[in-house]
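Engineer: Need a 3D model of the following:
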Amino acid sequence: MSEESAIVAPAVASPRAPVSRWRHRPFIEIVAVAMLSVTAILTAWCGFQASKWSGERSIAFAEASAARVEASDADNQAREARVVDLIIYSDWVTAGAQGETALADAIEARFTPHFALAFDAWRDGDEAAQGPFAMPEYVPPGTAESAERSAYAEARFADAVEDTERGDNYSLLTVLFALVLFLTAMAQRDIHHIAAWMMLGLAGLIAVGGLIVLLTFPTRF
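Structural biologist: Numbering: from 1, shown residues only. As a prediction, the model looks like this:
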């Protein structure tokens, strides 16, 4: 009976524990926690920057719209000034054609300052131009302001479009870092250590690539 027990004993001995599977777990956990911490900070930073650039975009769009309204108002002012100058000039031409010199002189005295400047330049140039309105000296009120505000509106609109692209880039990086968090979390599951290291390696590569791209982006505080 003792011999049978001696023969059976090795057969019923407890199996060897899968040491190779679990000895990597502490290292995997340490690396995973470190990656989760760093990636969480990067994700929060990307979200913050996306929000800031979204705010910059809204401000730029608002300023562009306001500048367009101001440019339109200034252009309307210039148009009204041209109409007044055209009416007075038409009366001057009619008086001159009818030989009423005194009336023509009285009408000329009523010229607006900006039109009088162009009129004098036109007359001093032997009237070679098509009329005072074609002279470069003729700049009715609101013309310069309209051009200035229009240029500002175009510049701010371009800034808004660029801010939109920057915010979208940060949002895309947020999604990329979310993938890193997913892979890192999966590596902490009860899976084979080789699969866990592969997930951590892939997550690390994505995180490093995202960080390199992140360093090239402009920031707002």
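Engineer: Quick check, residue 210 in contact with residue 181.
Structural biologist: No - with contact defined as CB atoms under 8 Å, residue 210 does not count as touching residue 181 (11.5 Å). Glycine gets a C-beta too; all of them are placed from N, C-alpha and C.
Engineer: Those two: which has the busier surroundings?
Structural biologist: residue 210 (22 against 17; other CB atoms under 10 Å).
Engineer: which SSE is the residue nearest the centre of the chain in?
Structural biologist: Nearest to the geometric centre of the chain sits residue 163, at 1.0 Å (CA atoms, centre = their mean). Assigned by DSSP states H and E, residue 163 belongs to helix 143-187.
Engineer: From residue 36, how far out is the residue nearest to the centre of the chain?
Structural biologist: Distance from residue 163 to residue 36, counting by CB to CB, to the nearest Å: 31 Å.
Engineer: for residue 91, same thing?
Structural biologist: Residue 91 sits 83 Å away from residue 36, going by CB to CB.
Engineer: go on, residue 47?
Structural biologist: 16 Å.
Engineer: same question, residue 165
Structural biologist: Distance of residue 165 to residue 36, computed by CB to CB: 30 Å.
Engineer: Residue 95 now?
Structural biologist: Noted for residue 95: a distance of 88 Å to residue 36, by CB to CB.
Engineer: do residue 193 as well
Structural biologist: For residue 193, the distance to residue 36 - CB to CB - is 18 Å.
Engineer: now do residue 105
Structural biologist: Taken as CB to CB, the span from residue 105 to residue 36 is 89 Å.
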